[in-house]
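K.L.:
Just to be clear, the model below is a prediction. Sequence and coordinates:
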Amino acid sequence: MRTSLGMVSVILVALIAAVPVYAWSNHTMLSHPVLSGVAEVRDRKPVPARSLSSFLLREEKGLEKLLADEEGWARKNMPGYEPRPDNLAFRATGDPKDVLGRFLQAARLNPGIKPRLYLQLLPGEKTYGRPVIDPGDLATLEDTGFMRKSIYVRLNEGEKVPPLEVLTTANDEPDYGFDLGLFTDNNTAYGQVYGFGIQPFGNPNLEYGSQAPFHMGFYHEPKIIYFFAPFLKRTYPEYRIHLFKSLSEYAFRTGNDYWGWRFMGWGMHYLGDLSMPYHAKPLPGVSALRMIWINLKAMLGFAESKNGAIQLVSNRHTVMEEFQENILRKAYDDKNPGHPIFQALRNPLEVLPYGDDFPRRVVAKESAKKSGTVDAQIEKYFPERLISDPSFEASGSKELGSLIEYTVERKGRESVDQMTLALADLFKSYGMHIRSYLNAIREASKR
């Protein structure tokens, strides 16, 4: 029995490993319509930009306690959590040379991340003389192609900047390398000491693949799936969401408003990722029984179904991301405030109160529930070659490169319009989720 269980687990790992790990493309473009509609954010006075190191030095003693409390919370409240080694705890030493490294180590973030002072501009927004930054100066990734469509500008220490711009820029940052290489099998020195163990899922051979367990949360699978694949419980978005919420509240309470907004944006990123159905369900459209059947056939030497399932889910996830960015960017370029996507983001669902279990109980549960419908919509509205041909690789294809035109040609303009409305429905929930997070932080900061 133990051998059979191990074989099924290995095959389930393979099924999930090939799925793309980015969720929504460009969280800055996505969050701006939501947060610009919140007067408390939009109308606040500009705040002076401060480096992360200066914030850490100023608040060392308080942060020592906060980070210790965070570790205690995670150990108590997160099933499947791998505790942080005690020797990585943050200590207030007063040494400015290694304060950033000590913080990143205690938070178990990639020690190579580049938390520079900068802003990401919206499409068509002017630089107003600010120097442009190359994406390679902001991300640890070698491949920064996904960032090349955007413009980034440098800020100076002490320069005053609107909180809305800080918050929406920060929303995109965790995809620049925060969670890369953190596991023992990722061939990094820090992965060997961070204590997360072997990467539970995602493809460790891909540059960005190791971030998967931090940006996906599979909390609502049937018990039989957890029986065969207990590694699905080892996910960490709640860890990041709670940590950055606590850091944001602390920064606001201590008068470090720039970092209050920036930490908030970091946490919103992970919450927003869970609103993407492909990040809350390992294989949308594939039932538990079918998944087990595919596994059993692969164990018997018939791997065609397994390989086909991997390819189709990967293609559909990729197509959905590409469609979302194309539609959203065009809405910005056209300066069309009445676009269904903008309307959905500005007018979210009724905001539910936030609690520590909100990411799991509300966001991921809703996303998982919608995943089957979304998968069916993708199958209906996009050309068969892109989403139903297991012999076709969508990523990097010429068809994906001209997705909107190709879809109109093969399926008609109505398909693009209908898929846009389906996406807008998801974004009403996304807007509600990040507003709830904002409300909770601002309320806690007043205490």
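P.N.:
Right, received. Where do you want to start? Numbers count the residues shown, from 1 in each chain.
K.L.:
same for the strand or helix carrying Leu426, what does it pack against?
P.N.:
Per DSSP states H and E, Leu426 falls inside helix 413-445. Applying 3 or more CB pairs under 8 Å, 6 or more residues apart in numbering; DSSP states H and E, one finds that helix 413-445 contacts helix 27-35, helix 237-253, helix 257-274, helix 304-333, helix 340-346, helix 358, helix 365-381, helix 403-411. Backbone N, C-alpha and C define where each C-beta goes, glycine included.
K.L.:
mind checking how far the shortest one is from the chain centre?
P.N.:
When you say that, I think you mean helix 358. Offset of helix 358 from its chain centre (CA atoms, centre = their mean, to the nearest Å): 16 Å.
K.L.:
who's in contact with it?
P.N.:
Around helix 358, the neighbours that count as contacts under CB atoms under 8 Å, 6 or more residues apart in numbering are 352, 433, 436-437.
K.L.:
would you list those residues in JSON lines and tack on pLDDT and distance to Gly181?
P.N.:
Formatted as JSON lines, those follow (pLDDT from 0 to 100; distance: CB to CB, whole Å):
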{"residue": "Leu352", "pLDDT": "97", "distance to Gly181": "35"}
{"residue": "His433", "pLDDT": "98", "distance to Gly181": "28"}
{"residue": "Ser436", "pLDDT": "98", "distance to Gly181": "32"}
{"residue": "Tyr437", "pLDDT": "98", "distance to Gly181": "27"}
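K.L.:
Check these for burial and list the buried ones.
P.N.:
The neighbour count (16 or more other CB atoms under 10 Å) marks 433, 436-437 as buried among the contacts of helix 358.
K.L.:
Which single one of these is nearest to Glu71?
P.N.:
Of all the buried ones among the contacts of helix 358, Tyr437 has the smallest distance to Glu71: 21.3 Å, by CB to CB.
K.L.:
ok, and for the helix holding Leu426, which residues are buried?
P.N.:
415-416, 419-420, 422-424, 426-442, 444-445.
K.L.:
again, but for stretch 56-71
P.N.:
Residues 56-60, 63-64, 66-67, 70-71 are the ones in stretch 56-71 that count as buried (16+ other CB under 10 Å).
K.L.:
same thing with stretch 86-95?
P.N.:
Within stretch 86-95, judged by 16+ other CB under 10 Å, the buried ones are 88, 90, 92.
K.L.:
what do you get for stretch 74-86?
P.N.:
Buried-residue list, stretch 74-86, by 16+ other CB under 10 Å: 74, 78, 81-82, 84.
K.L.:
Please apply the same query to stretch 190-206.
P.N.:
Residues 190-191, 194-196, 199-204 are the ones in stretch 190-206 that count as buried (16+ other CB under 10 Å).
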